[in-house]
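Asker: no sequence on hand, only this structure:
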């Protein structure tokens, strides 16, 4: 199986090499760049699947690097890894089509879990977008945008919401969701579905949108006119 290619761009050399080794131990192919300009050149040469970007860097900061890349590439996954934790910075990161925003310091295990989650499925559509109420749902970017504010979804959440968005106003049975997303309708997977639906509801801030639970049957994505 082809290794997933990750490009880590951060001017903190010592900590970046430690993080690089940690990620490589999980079976990923990791390349390091020490500033934004070098990161852009390596991006062009490597065509990575995931970019881990610090924001405050010499030559070219992480926001500008992401902006440049997103002009022509909507495929690559972008995680911002940064100590800039203000709300305005997070919103700006997502407005640049970043897929995740992870504040420093973080546990390497948390980052690995998020990377695993992003790449544990290839069934998410790379093209279609959904306008649900006043919310724009982009499965390829795993994002929800409502009135200029963007939230990032996990792979599981994206797959579930895409299935519901394809059937707005109609019941999608629990077993269908479980079979299509998890592969079987076991009790543990059913509990996981409950948890993921709860998370999705929190991220759907558009008051016109709701996910209605039909006991023992399934869910309906409802939009008020």
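Answerer: Happy to help now that I have it. Here the structure is a predicted model, which means the values were calculated and not measured.
Asker: and the lowest-mean-pLDDT helix or strand in the chain, what's buried?
Answerer: None of the helices or strands of the chain scores lower by mean pLDDT, DSSP states H and E than helix 108-119, at a mean of 83. By 16 or more other Cβ atoms under 10 Å, the buried positions in helix 108-119 come out as 111-112, 114-115, 117-118. The way it works is simple: take the backbone N, C-alpha and C, and place the C-beta from them, glycine included.
Asker: how far out from the middle of the chain is it?
Answerer: Chain-centre distance of helix 108-119: 10 Å, with Cα atoms, centre = their mean, to the nearest Å.
Asker: for it, packing partners?
Answerer: Judged by 3 or more Cβ pairs under 8 Å, 6 or more residues apart in numbering; DSSP states H and E, the packing partners of helix 108-119 are helix 13-24, strand 50-53, strand 77-82, strand 100-103, helix 155-165.
Asker: out of the ones you listed, nearest to residue 4?
Answerer: Comparison of these against residue 4 by Cβ to Cβ identifies strand 50-53 as nearest, at 6.7 Å.
Asker: parallel or antiparallel, list what pairs with the closest one.
Answerer: When sheet partners are counted by DSSP bridges, strand 50-53 sits next to strand 5-9 (parallel), strand 77-82 (parallel).
Asker: need the helices and strands packed on helix 108-119 in CSV (columns: mean pLDDT, mean neighbour count and distance to residue 142).
Answerer: Compiled in CSV, the helices and strands packed on helix 108-119 are given as follows (pLDDT from 0 to 100; neighbours: other Cβ atoms under 10 Å; distance: least, Cβ to Cβ, whole Å):
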stretch, mean pLDDT, mean neighbour count, distance to residue 142
helix 13-24, 94, 14, 20
strand 50-53, 96, 26, 12
strand 77-82, 92, 23, 8
strand 100-103, 88, 18, 8
helix 155-165, 90, 21, 5
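Asker: a markdown table for the ones you listed, including distance to residue 173?
Answerer: Conversion of the helices and strands packed on helix 108-119 to a markdown table gives the following (distance: least, Cβ to Cβ, whole Å):
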| stretch | distance to residue 173 |
| --- | --- |
| helix 13-24 | 38 |
| strand 50-53 | 34 |
| strand 77-82 | 31 |
| strand 100-103 | 31 |
| helix 155-165 | 10 |
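Asker: residue 37 is nearest to which of these?
Answerer: Smallest distance to residue 37 across these (Cβ to Cβ): 12.8 Å, for strand 50-53.
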